[in-house]
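S.K.: based on what follows, work out the 3D shape:
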Amino acid sequence: MLSDNSYVVRLGEPIMDAAAIHQPISGFRPSTPSVDSASILAVTDAHSVVAIHFWAEWNGCDPVMDQRIQEIQPRLDGRIHFVSCDIDNFHCAELCKQCNVVNIPFLAIFVDGQQRTGIMGLLQSDELVATINDLQLYPNGGVFGSPSAARRFRI
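M.R.: Numbering: from 1, shown residues only. Below you'll find the predicted structure:
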């Protein structure tokens with residue numbers, strides 16, 4: 001569930017036009033480790049900041065989102081642990097509900113085991129990094145706010 005101090009980033013219009021519609025890739029699986037409703041707690045316990053990429057094989061934007069996640073990971077220096085969750089997997093239903101997944105691709109951002117926000121839609125790599133930077137994430141029990149409140153988490 002989202003905490004009281006969270007917000008969901010919803011960035012305007014879709015980034016694609018009719019000529020740029022992404023086609024599904026049969027058999028696609030994200031490059032990040034998969035999680036489900038039963039395993040997410042162990043992942044959030046092991047990592048201060050976790051981003052869950054909610055995806056589906058039938059969604060042509062998800063392979064592109066996975067590629068963008070791969071592109072930005074080196075820029076993050078291990079500060080965010082990325083995982084993926086197949087929304088069509090029965091074992092993921094409770095996690096999808098908990099994270100309020102209504103459209104994909106969707107990134108749910110957890111800090112110290114609590115969902116802080118979500119990023120909905122397919123963003124360019126630089127936009128994705130900028131959006132994460134704008135979240136001002138504070139690991140290890142921190143809160144959203146000024147850099148003096150806790151160590152500022154920047155990418």
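
S.K.: identify the residue nearest the geometric centre of this protein.
M.R.: Nearest to the geometric centre of the chain sits Leu107, at 2.2 Å (CA atoms, centre = their mean).

S.K.: what separates the residue nearest to that one when sequence neighbours are not counted from Asn59, distance-wise?
M.R.: Once its chain neighbours are removed from consideration, Leu107 has its nearest residue in Ile119; the separation is 4.4 Å (CB to CB, 6 or more residues apart in numbering). For every residue, glycine as well, the C-beta is placed using N, CA and C. Summarising the geometry, the distance separating Ile119 from Asn59, computed by CB to CB, to the nearest Å, is 15 Å.

S.K.: the residue nearest to Leu107: neighbour count?
M.R.: By other CB atoms under 10 Å, the residues close to Ile119 number 21.

S.K.: what about it, helix or strand, and which?
M.R.: Counting by DSSP states H and E, the element that carries Ile119 is strand 114-120.

S.K.: need the next SSE after that strand, C-terminal direction.
M.R.: With DSSP H and E, the next secondary element past strand 114-120 is helix 125-134.

S.K.: determine the set of other helices and strands touching that following helix.
M.R.: Under the contact criterion of 3 or more CB pairs under 8 Å, 6 or more residues apart in numbering; DSSP states H and E, the helices and strands touching helix 125-134 comprise helix 61-76, strand 114-120.

S.K.: can you work out which other helices and strands pack against the following helix or strand past the longest one?
M.R.: Same thing as helix 61-76. Proceeding C-terminally, helix 61-76 gives way to strand 81-86 as the next helix or strand, assigned by DSSP H and E. For strand 81-86, the packing partners by 3+ CB pairs under 8 Å, 6+ apart come out as helix 40-46, strand 49-55, helix 61-76.

S.K.: among those, which is the most enclosed?
M.R.: Taking mean count of other CB atoms under 10 Å as the contact definition, the stretch among the helices and strands packed on strand 81-86 with the greatest mean neighbour count is strand 49-55, which reaches a mean of 24.
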